[in-house]
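In: Show me the folded form of this:
(2 chains)
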Amino acid sequence: MIFKAIFKPLLFQWKKVVKGKWIILFPSLFLFLFSCQRPFLERSNQIATNRPAAFYNPYFSDADLKLPLTLVNEKNLRGTAVGSFIPLEKQFALVTANGYFYTMEKEDFQNAARLRPSKGASTAPAYANGQMYIASEWLKTGLNIYDFSRQKIVWALENAFSVSTPIVWQNKIFHAQKDGIIRCLNAKTYREIWRLDMQDQIRNNLAFDGELLFTATLSGKIRALVPESGSVAWQTKLHETVRAAPVATSSFCIIATVSGNLFLLDKQTGKIRFTKNLQQPFFVTPSVHTDRLYLGGSGGGFFVYDLSGDSLLWKTQLDGALMVPALILKNKIVVGTSRRQLYILDKTDGSLLQQMELEGRLSALPLPYDRGLIVGYEYKKLAFLKFTGVK
Amino acid sequence: MELNRYFVILILLLLGRQGLSQSFGFGRNKVQYTKFNWQILETEHFNIYYYSDMKEAAEKGAAFAEEGFRDLEKRFNYSITRRIPLILYSSHLHFQQTNVSPGFIPEGVGGFFEFMKGRVVVPGNGDFRRFRRVIRHELVHVFMHAKLYNLARRYDRAEPAAPPLWFTEGLAEFWSGGWDSQGEMVLKDAVLHNYVVGLQDIVQVRGTYFMYKLGQDILTYISHHFGDDKILLLMENFWKYDQFEQSFKETLGLSYRQFDEAYLPDLKKRFYPKLADEDFNAAVCPTIVRDGYNFKPVYYKSGGKEYVISTGNRDGYSSIYQSPLQALAPEQKDKRKRIIKGEASSKFEAFHLFSSKIDVNDAGILTFSAKSGASDILYLFDLNTDTVSASLRFGNIVGIASPAWSGDGTEIVFSGLSCDGQLDLYTYHTVRKKLTRLTDDFYADYDPVFSPGGKYIAFSSGRSAPGKKGAQNLVLLERESGRMFYLTYGEQIDKSPAFSPDGRYLVYASDLSGTFDLCLIKNPLEHSRLSAPLESFKLTRFVGSAFDPCWVDSSRLLYSTFENNRFQIRLLNNFLSEAVADNKIEMPVFPDSNKAWTFAGIRQSKIEKRRSYVSKFTLDFAQSQVSQDPFWGTSGGAQMAFTDMLGNEQYFLTVFNNARVSSDFWSSFNVAVQKVSLRKRLNYALGAYRFAGFYYNPEDFYYYEEKIGGSLILSYPLSHFSRISLNQNVYYSDKNRFFSKRRKAWINASFFSFVFDNSIWGPSGPMDGSRINIGFGNTFDFARSQVNYITGLIDLRTYYRASLRTAYAVRLLSLFNEGAESRQFYFGGSWDLRLYRRWSMHGKRIFLLSQEFRFPLVDLLALRFPTFSLGFRSIRGALFFDAGNAWNKHFEGLKGSFGLGVRLNLGNMLVLRWDIGRKTDFHSITDETVTHFFFGWDF
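Out: Now for the predicted structure:
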């Protein structure tokens, strides 16, 4: 009786409201629930390529730029972009320092979709087989795998925090943790195939040339691993701090240290073939294309070496330390520094083609697009720079 | 009671800045003695603020700053893209006048970094090596702050853990210069006397100099054992955590406890072996002066009795003391007499305890320097009559240090710091009254002393080639020719030379072995060649450091020492027997010529612009508040403050509203704007306001009042301790009383006051000195004479020190308002007449006599829980007796209370008070025991 006394009037009122209006009410309710969903990352035909992430070199593009560049479009993100952008045909993907994962159109940054698999990230994701492999530095998981077709995180590795971009190759995922554990996982079942404890911190990316996996720990332990088994092909101890990632070329494994030394190790044996002190700390990974090495240090020095002859081709002094590796284009080099400067240099001799001041420090490797550049910078900004004919 | 309390609080906050607040209460004064002609030098990364006297020093500072910036940019792997304001002063005395920081700057502060505008403020002291290091130290703070802020912003962390003080200061020391003998001294002492702490317990030494050096050593250890990169990683990992220890653990893989398990034994390995060769000097030398902090002993004989005159601080006031020259037994009381009390009067505002020696001549005239007003004064004090016989201020000389008499007692030599920042030697002839400059160069010259005949002066200087890296060696100056000869040479610091009375020996302090020991040179005056090797000997091998030697006779030497965390004065006996071959110091060959070194100033091409300083204002803070009162409803307001870069000019804007309905919005709108100027000695504040709202007081009950007017406050500090103020208000007042007629008036209110304050404070309130506030004012309606009353205030407080930690405090308070529309004062409660309900009495006249005996109750109360600990220090007690009353026309007799109080200081921000006792009307005592709990400092 009490139930009736309380709820009967309500029910009566509800019936009065609903009567005759269900045709409006229920679709409205449906639309309301639908629009409350978190934005999801769409699968589309444009994300159909299966280019192996292992061989994607974000530091080189055969694109060119038309100068001078000016700011044509800008977008605010929920985080500051880090690492590099992953091109996906008409779209591109990025990860932010506070853990967001975005995709959006290159053209005008439209159709931006995001999710937040973590609370901290320092490196670019890897893309392969229709999946995005996102390394995470903080909060719960160290590796998240997002499947575009299923539009969700299909698998995650708990803890295992990482600042290294995962490498995906022949159905294997190589994941390096900050605490020095390198895992090889089956890309289909995600089961662990092997694991190796480097007994030291890893604060940079792995390098892979299709045959060997190269890793450099914080205290300068350089190892080449056999990817199938995880066995150590060779090891060299440099006894110097290494923050920049190793780079593998046809002949060398290249290491730049915080002490300012550049090492070229024989890729097969690990023996030091060349070393040079360049008088400034190196925190940023060198860029390599063909036989050229492009290296920038904390003191603003930027060096270009000819790897075939171990000789310095040219050097220049920039205003500020490099924030991200140099982007090597067909004829130009793009460099961003800690003093908010963006440089476009001539690839041949380093002459200055354009210098512009950004609103913040460059935080991610720029992505060439339509003879312009997509850049991310502090804080939480994304911009498209392009030639407009207007100075 | 004026119930529009919120804006009153806001206004008080508004006026609570700088010296202006002091016109409303007590407090000392920051006096602008000097008129600075500020200029700005713009370099690539800095805006350098300096005044025209110190142009050359500023250009050197600019070079140091740019050099430091380039280096730190690499170390931090980070660039600062804004221009850093670097404000330089040529001396510490000028630095103490800065308005960048509102507080007083103690002598021990070498510079600071301020967060609101990101300003770095650094004084020179004549020594450019130290100047360079301090600039660099502060730049480390700038970079660290910027980097951590960048990381927090990048990773979207609103409030990550801030690095602890040991890390921030330790890193600033570590990355600004190498390990020094002072660091070695404090760390060695802590280890060998078993009071060293590791990271787990480092909070116990928070804020001390020891913590700075311990932090530096810990980071040095981390750098050596884990790599320098780990220090950067400690900062780069911090954004993830709420506690710095978690970042520490991620970076090094060790908790604090685990780190201590390795680090503390390492310290012991480092220092314990020294006990094989070194003595605790307390065990081998008698103690002459023991209690408190004691420095710079000098021998004095009078009437056949021997004394030691020394500087020190025993009770909170730096002073000069006289003690009998006799060994103190361990339990024996220190029998010393205070000759001159410092820090209590404008004559002797400060003695430079750490850096300035004193001296006495045979006639019993003591010479010393003390800060007084705008500069140091060289004093001559007659010990026979206990009077000041001369006080000498020298035009361009701002700082005076280490005066020393000539053998005939007519001349004094000292180090003088000029306005342009150079520290050179001077002599002053007391008979001819003539000042002579002996050196005039870039090098800092310290501790000069005359040779017995007066022909030479020995002093410590950084002019030798190793001086560029921070060394100081002893130099002999031949007065007649001006030629200089090295007495010592090398990368150590040699200082405080003292000739034996016959001139055959020279004793000095040297840190050649890592910490300071006493050394001796034989036949120093026979040295007349630059490269002749001198015979030098190490006299002491102490665990503690020994410095400031002073000859008593050929077999006794007074010296000051730091040992077991105390500065004491001891006597070294029969020391000449140590001048043997085994203790000989191997001196390097002195160079044939004195190749001068220098620090270059910034290259002219690196200067982007020079300009005169013009005040530009930026926002310092903005805050707002909304409150809800069940009776008065919702009210809210905001306050903003704008200041210029030097803090000399300030603007405050306050808006506030307590309307209860929207139609009342304008009638309840309050706004006040005020400009405060602290640029000159006369501080002033000029304001305009509109205050409107509902109020209550017992005479008018509830009423609405609107006040529109302006105010002028002038405050002139007579000295560091006293000031006079005028508070002038002119306003239109429209008072609408609900139960009587409306009143409109044009009111002029003038209030004069005199304030004196030389008190020093203990944990819960003042312990010594006096505070005086006397004021008188008149408020009248000059249009219609509806308001006309006078106001008087006398508040006298004196504190008598019974012992180091106990004091007897007396307060006499009298307030009166008399005339038309005069207001009543509120009385009663923990802040005046205790044990009576707060503000339960009111009247136009108040009288209060409070007496209180303050003593320590509980030194430490600690509670340890499974997961955390809680500790309370310095819980103080008080026995009090109060008598007073408030009345209008008829005095209704005294009311009193007495009892016990307990005070607990919480983080130096709040003192909790609990009083228990009984009331009396002086005829009988109540049976009821009353307890009150409140907050606030002791009177």
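In: and chain B, which residues reach chain A?
Out: Proximity of chain B to chain A, by CB under 8 Å from any CB of the partner chain, involves residues B:70, B:73-74, B:77-79, B:81, B:150, B:153-156, B:227-229, B:233, B:239-240. The C-beta positions use only the backbone N, C-alpha and C, and glycine is treated the same way.
In: how far away is the most centrally placed residue in chain A from A:T141?
Out: Chain A has A:A124 as the residue nearest its centroid, 1.5 Å off, counting by CA atoms, centre = their mean. The span separating A:A124 from A:T141 equals 17 Å under the rule CB to CB, to the nearest Å.
In: Then B:F652?
Out: 50 Å.
In: How about B:G253?
Out: Separation of B:G253 from A:T141 (CB to CB) stands at 22 Å.
In: more neighbours, these two?
Out: A:T141 (21 against 14; other CB atoms under 10 Å in any protein chain shown).
In: Skipping adjacent residues, who's closest to the more buried one in space?
Out: Leaving aside its sequence neighbours, A:T141 sits nearest to A:A156 (CB to CB, 6 or more residues apart in numbering or on different chains; 4.1 Å).
In: ok, that neighbour to A:G120 distance?
Out: 15 Å.
In: Can you pick out the residue with more neighbours from the two?
Out: A:G120 (22 against 18).
In: how far away is that one from A:Q177?
Out: Counting by CB to CB, the gap from A:G120 to A:Q177 is 14 Å.
In: and B:A327, what does it touch?
Out: Contacts here follow CB atoms under 8 Å, 6 or more residues apart in numbering or on different chains; on that basis B:A327 touches B:286-288, B:571.
In: Kindly report the same for B:N37.
Out: Listed by CB under 8 Å, 6+ apart, the contact set of B:N37 reads B:51-53.
In: Three-state assignment for the residue most central in space within chain B, please.
Out: Taking CA atoms, centre = their mean, the centroid of chain B lies closest to B:P106, which sits 1.8 Å from it. For B:P106, the secondary structure call by DSSP: H, G, I helix; E, B strand; the rest coil comes out as coil.
In: Grab the nearest non-local neighbour of B:Y689.
Out: Using CB to CB, 6+ apart, the nearest residue to B:Y689 is B:A672, at 3.8 Å.
In: For that neighbour, name its beta-bridge partners.
Out: B:T654, B:Y689 (DSSP bridges).
In: quick one: low-confidence ranges for chain B?
Out: By pLDDT under 70, the low-scoring segments of chain B are B:1-24, B:159-161, B:527-533, B:592-595, B:632.
In: what's the helix or strand for the closest residue to B:M645 other than its chain neighbours?
Out: Spatially, and ignoring its direct neighbours in sequence, B:M645 is nearest to B:P85 (5.8 Å; CB to CB, 6+ apart). B:P85 belongs to strand B:84-89 when assigned by DSSP states H and E.
In: The closest residue to chain A within the stretch 751-900 of chain B in helix, strand or coil?
Out: Closest to chain A within the stretch 751-900 of chain B is B:T867: 23.3 Å, counting by CB to the nearest CB. Look at B:T867: counting by three-state DSSP, its state is coil.
In: do the same with B:R132
Out: At B:R132 the chain is in helix, as set by three-state DSSP.
In: For B:E138, see how far away it is.
Out: Per CB to CB, B:R132 is found 11 Å from B:E138.
In: of these two, who's got more company?
Out: Neighbour tally, B:R132 and B:E138, criterion other CB under 10 Å: the higher count belongs to B:E138, 25 against 22.
In: Buried by neighbour count, from the residues of chain B next to chain A: which ones?
Out: Among the residues of chain B next to chain A, those scoring as buried are B:73-74, B:77-79, B:81, B:150, B:153-156, B:227-229, B:233, B:239-240 (criterion: 16 or more other CB atoms under 10 Å in any protein chain shown).
In: For B:R338, give me its contacts.
Out: Residues near B:R338 by CB under 8 Å, 6+ apart: B:319-321.
In: Now the residue nearest to B:G215 when sequence neighbours are not counted: phi and psi?
Out: Nearest non-adjacent residue to B:G215, counting by CB to CB, 6+ apart: B:G170, 2.2 Å away. Main-chain dihedrals, B:G170, degrees, to the nearest 10: phi -60, psi -40.
In: Surely B:G170 and B:Y221 touch.
Out: No - between B:G170 and B:Y221 there is no contact under CB atoms under 8 Å: 10.5 Å.
In: hang on, the earlier thing: look up how far B:P452 lies from the residue nearest to B:G215.
Out: From B:G170 across to B:P452, the span is 46 Å (CB to CB).
In: Same question for B:L438.
Out: In terms of CB to CB, B:L438 sits 18 Å off from B:P452.
In: Show me which residues of the stretch 101-250 of chain A sit near chain B.
Out: Proximity of the stretch 101-250 of chain A to chain B is confined to A:119-120, A:137-138, A:203, A:218-219, A:241, A:243 under the rule CB under 8 Å from any CB.
In: So which of these are in strands?
Out: Among these, no member falls in strands (criterion: DSSP state E).
In: List just the nearest of these to chain B.
Out: A:T241 (3.9 Å).
In: What is the burial count for the closest one?
Out: 23.
In: Who are the contact partners of it?
Out: A:218-220, A:257-259, B:227-229.
In: let's see it at 10 Å
Out: Counting by CB atoms under 10 Å, 6 or more residues apart in numbering or on different chains, A:T241 makes contact with A:203, A:216-220, A:257-259, A:281-283, B:227-230, B:232-233.
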